[in-house]
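Asks: just need the structure, nothing else, for what follows:
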Amino acid sequence: MSDFTLVDPKGWQYDLHSVYSAYIGYFQINNVPWYERSWGHLFSSFEDFLAFSWPVIVVTDAWTGKAHIVTRLNSIGTFLKMIKTRFGETLPQAPNILEVTPFETSNRHLRNVSDYNTYRKLHNTLPAAILSALKQRIRNGEPKAIKELWDKRDKTFLSMDFEWSERNEKSCLEWGYAAIRCGHLNSLGHWPPVPDTNYRKGHFIMQEYADKAVNKYCPNYPWHYAFGDSQVMSKTKLPQVIQAVISSLASPDSETIPNNLVLVVHGASGDLARMEEMKIKLPHNMLIIDLSVYERVLFSQNLRHPMADPKTGLYPRQPGTTLSLENLLRSLTHPAPLLNGTTTTTTAMTTAPQEAPKPLPVNLPNVMMHNAGNDAFLMLFALQMLLEPEGTKVPTITNQGVKRAMAQAQAQAVAVQHAQQAAGMMMGGVGVGVGAGGGGANGLMGMIPQMSMPPGMGMGMGGMAPGISVSMSMSMGPQGVGGGMKVQKPRLSVYDLSNEFGQMRVDPGSAGVPSPMGNGTFNGKRSGSKSPGDPTRLSPGTPGFGAGKTNSGSGNGSRSSRRLSGFDWGT
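Replies: Numbering: from 1, shown residues only. Below is the predicted model of the structure:
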């Protein structure tokens with residue numbers, strides 16, 4: 001074993017111990033008195049069989065995940081040729097030798113085994129090989145491996161999400177997590193897990209950036225945590241809190257046994273690199289599930305229902321495409337939605353595979369995405385839905401302030417919808433709304449016929465009737481909406497020029513000065529200043545009202561609302 005040689009694992013597929021076992025079985029079935037033959041001493045024991053000096057490598061089976069010490073077919077042929085040369089008798093190749101399909105594709109360490117002690121030492125390395133291969137299989141999103149992991153019901157699944165600043169990629173604005181202790185729940189007879197009561201969850205806002213830093217191009221909503229109360233803390237304490245959460249759920253590190261903790265992320269590379277920079281220690285034996293990779297592999301292997309491409313809206317979605325967390329959640333709500341909000345064509349309807357099994361749609365809660373707590377919670381729920389949809393209950397909004405605000409926004413959306421429907425009828429187009437956006441008669445999620453909605457007003461996903469949705473953002477002041485609500489709206493950024501103009505008391509007739517009416521114009525001129533992350537404020541008379549976009553001069557402003565039920569599929 002002193003020589004270090006690397007070989008390609010291709011062709012190394014015969015388990016060495018099974019070669020010996022197969023010949024003993026062959027002699028028994030064919031009544032061969034091997035113990036009386038001149039070469040019989042080679043089969044007296046497995047240790048005597050190893051005296052031939054077999055070249056071997058260690059691989060894991062691509063299907064079972066088990067580790068094996070394997071040799072090549074030509075090595076077996078060399079062994080049989082040696083018997084014929086030395087003893088003058090020909091032995092056939094024994095049947096029923098265990099063949100292994102190597103999971104590994106990189107070069108493996110070649111060893112020559114000539115005694116049992118060497119074989120035993122090599123055999124002791126098999127658990128480490130199994131763990132190494134299992135980590136890679138889980139990271140690659142292999143459906144069978146992840147399903148087996150879930151079905152054991154003894155792991156703890158921890159999902160987490162960060163919201164990083166666009167101005168400084170090393171500054172964390174929010175952190176959220178959710179966890180399922182499957183072993184604990186299964187021992188108590190609670191299965192499948194109920195998100196509302198069986199998920200441990202948390203949401204933390206960095207006090208240094210609260211109400212001061214809000215992302216502009218992909219706005220975050222720190223005060224819209226829907227599944228509990230947010231906690232405000234110093235950014236210096238964040239690594240300590242994350243480390244404590246991980247330590248409370250993880251088992252001891254090991255080189256041979258997988259950890260009880262399984263980390264769930266969406267886009268693993270970025271968050272893992274940031275946690276390493278924060279000096280957060282992760283167990284080396286911890287398994288990591290990248291939800292985006294797992295869903296992509298499921299779809300590529302036809303283990304998910306056919307659907308339209310969420311970016312182009314074309315049917316069908318092509319294998320190899322990756323869904324964002326929002327699009328992944330949306331795919332759970334309907335078997336084959338038309339995601340671009342345009343009218344369904346006859347061709348698209350006729351080419352859809354009718355025989356494919358279609359799961360029942362899920363009515364998800366209407367929450368704001370790009371809140372770290374909401375993203376982490378729904379990420380874990382999405383994983384559970386992909387693994388065990390039967391019996392899994394949909395989570396509900398537990399933050400009463402957010403719940404009341406969502407209900408108010410929903411009522412406003414219904415009023416706007418009715419007004420635009422009436423306007424459409426007055427124009428002579430019964431059932432044709434003023435805005436031909438994502439809520440058309442044949443739009444996303446099977447809208448109610450002859451009912452239209454404003455542009456960008458997508459399908460509701462929780463507590464809403466079909467065809468009624470909310471796409472507008474909610475303005476929540478410190479006093480809350482509906483009285484007593486403790487959900488706060490981030491104050492405007494210190495870089496917001498509209499605040500500076502307001503403090504300077506510039507007269508409303510000046511060019512480029514924001515209007516106190518909130519539509520961003522004075523004397524027909526549009527202001528280019530807008531608070532990052534501030535929901536769009538448009539009056540019904542303003543062009544593009546209800547479109548879910550910022551009202552910038554070019555019409556290509558950043559998204560003002562990222563609610564799960566109303567994001568724009570065309571971008």
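
Asks: now do the strands in this protein.
Replies: Secondary structure of the chain (DSSP state E): strands at 5-7, 12-15, 54-60, 67-72, 108-113, 156-164, 172-181, 200-206, 231-233, 261-265, 287-290, 521-522, 525-526.

Asks: closest to E99 out of those?
Replies: Evaluated over these, closeness to E99 peaks at strand 12-15, with 5.1 Å, by CB to CB. Every residue, glycine included, has its C-beta placed from N, CA and C.

Asks: packing partners for that closest one?
Replies: The contact analysis (3 or more CB pairs under 8 Å, 6 or more residues apart in numbering; DSSP states H and E) places strand 12-15 against strand 54-60, strand 67-72, helix 73-87.

Asks: got a markdown table for the strands of the chain, with mean pLDDT too?
Replies: Shown next, in a markdown table, are the strands of the chain (pLDDT from 0 to 100):
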| stretch | mean pLDDT |
| --- | --- |
| strand 5-7 | 93 |
| strand 12-15 | 97 |
| strand 54-60 | 97 |
| strand 67-72 | 97 |
| strand 108-113 | 95 |
| strand 156-164 | 96 |
| strand 172-181 | 96 |
| strand 200-206 | 96 |
| strand 231-233 | 95 |
| strand 261-265 | 97 |
| strand 287-290 | 97 |
| strand 521-522 | 40 |
| strand 525-526 | 39 |
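
Asks: need those strands in a markdown table with mean neighbour count, can you?
Replies: Converted to a markdown table, the strands of the chain look like this (neighbours: other CB atoms under 10 Å):
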| stretch | mean neighbour count |
| --- | --- |
| strand 5-7 | 12 |
| strand 12-15 | 21 |
| strand 54-60 | 23 |
| strand 67-72 | 23 |
| strand 108-113 | 18 |
| strand 156-164 | 23 |
| strand 172-181 | 25 |
| strand 200-206 | 22 |
| strand 231-233 | 13 |
| strand 261-265 | 24 |
| strand 287-290 | 22 |
| strand 521-522 | 18 |
| strand 525-526 | 14 |
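
Asks: which parts of the longest helix seen in the chain are buried?
Replies: For the chain, the helix that runs over the most residues, judged by DSSP state H, is helix 400-426. In terms of neighbour count (16 or more other CB atoms under 10 Å), helix 400-426 has its buried residues at 401-410, 413-414, 416-417, 420-421, 424.

Asks: tell me which of the helices and strands packed on strand 12-15 sits nearest to I242.
Replies: Of all the helices and strands packed on strand 12-15, strand 54-60 comes closest under CB to CB, at 31.9 Å.

Asks: by mean pLDDT, point me to the weakest helix or strand of this structure.
Replies: One helix or strand of the chain scores below all others by mean pLDDT, DSSP states H and E: helix 346-351, with a mean of 37.

Asks: which ones are touching N302?
Replies: The contact partners of N302, taken as CB atoms under 8 Å, 6 or more residues apart in numbering, number zero.

Asks: over to it: give its phi and psi.
Replies: Backbone torsions of N302, given as degrees, to the nearest 10, read phi 60, psi 30.

Asks: okay, it: pLDDT?
Replies: With respect to pLDDT, N302 has a value of 90.

Asks: just list the residues touching T322, thanks.
Replies: Per CB under 8 Å, 6+ apart, neighbours of T322: 292-293, 295-296.

Asks: what's the closest of the residues you listed to I69?
Replies: The closest of the contacts of T322, once distances to I69 are taken by CB to CB, is V293, at 30.7 Å.

Asks: who touches the closest one in this structure?
Replies: Contact analysis of V293 by CB under 8 Å, 6+ apart lists 139-141, 268, 322.

Asks: against I280, how distant is the nearest residue to Q301 once chain neighbours are set aside?
Replies: Nearest non-adjacent residue to Q301, counting by CB to CB, 6 or more residues apart in numbering: P143, 6.5 Å away. The spacing between P143 and I280, counted by CB to CB, to the nearest Å, is 29 Å.

Asks: start and end of stretch 315-324, how far apart?
Replies: 18 Å (CA to CA, to the nearest Å).

Asks: flag every buried residue along it.
Replies: Buried-residue list, stretch 315-324, by 16+ other CB under 10 Å: 315, 317, 322-323.

Asks: can you give me the helices for the stretch 101-250 of the chain?
Replies: 116-123, 126-139, 143-151, 182-187, 195-198, 238-249 (DSSP state H, counting those that start in this stretch).

Asks: now the ones you listed in TSV, with mean neighbour count and distance to W34?
Replies: Formatted as TSV, the helices of the stretch 101-250 of the chain follow (neighbours: other CB atoms under 10 Å; distance: least, CB to CB, whole Å):
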stretch	mean neighbour count	distance to W34
helix 116-123	15	20
helix 126-139	18	29
helix 143-151	16	40
helix 182-187	16	49
helix 195-198	16	60
helix 238-249	16	55
